[in-house]
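> here is my input; please provide its structure:
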Amino acid sequence: MLTAGDYFLPGMVVGSVGALSGAGAVAPRLVKAVYDACAAQDYVRVRPLQHKLSHLLGVIKVNYPAGVKAAMALMDRPVGPPRGPISPLDPDAVAWLKSELERIGVLADEPHGW
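Residues are numbered from 1 along each chain as shown. The predicted structure is shown next:
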């Protein structure tokens, strides 16, 4: 069983063995760390990681999917602009997104490029 979302623990309690994470396109190491800690039932380790992932989700879901696409571009994984009627993020929103990714540690801790 797979869950759809970035909160792995609730699904794992009922037998889930994986998840589909939108944040994995931006921060694959963080998503894997959260999953691994949940799978190991290491709740002390998972708590700060899940808070970090939750913050990331709040940031990249701005004007979804434009925020995810902009974050991927900032991670040197461009996937193009969103299709209409959704507009790409404006330069101020991209600057805010970049500052949040820096604050969370994603820009420094995650791989860049494909």
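> so who does residue 33 touch?
Contacts here follow C-beta atoms under 8 Å, 6 or more residues apart in numbering; on that basis residue 33 touches residue 49. The C-beta positions use only the backbone N, C-alpha and C, and glycine is treated the same way.
> so it is in which element?
Following DSSP states H and E, one finds residue 33 within helix 28-39.
> avg pLDDT for that helix?
Rounded to a whole number, the mean pLDDT of helix 28-39 is 92.
> restricting to C-alpha, output that helix in CSV.
Written as CSV, here are the backbone C-alpha positions of helix 28-39 (Å, rounded to 0.1, in the frame of the first residue of the first chain):
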residue,chain,number,x,y,z
PRO,A,28,14.7,14.1,-2.1
ARG,A,29,17.2,13.7,0.8
LEU,A,30,14.8,15.2,3.3
VAL,A,31,11.9,13.1,2.1
LYS,A,32,14.0,9.9,2.3
ALA,A,33,15.2,10.8,5.8
VAL,A,34,11.6,11.3,7.0
TYR,A,35,10.5,8.1,5.4
ASP,A,36,13.5,6.2,6.8
ALA,A,37,12.9,7.5,10.3
CYS,A,38,9.2,6.6,10.1
ALA,A,39,10.0,3.1,8.9
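> in the helix or strand containing residue 11, what counts as buried?
Under DSSP H and E, the secondary-structure element containing residue 11 is helix 8-13. Along helix 8-13, these residues count as buried under the neighbour rule (16 or more other C-beta atoms under 10 Å): 8, 9, 11, 12.
> ok, the residue positioned nearest the centre of the chain - contacts?
For the chain, the residue sitting closest to the mean C-alpha position, by C-alpha atoms, centre = their mean, is residue 23 at 2.2 Å. Contact analysis of residue 23 by C-beta under 8 Å, 6+ apart lists 6, 30, 31, 53, 56, 57, 60.
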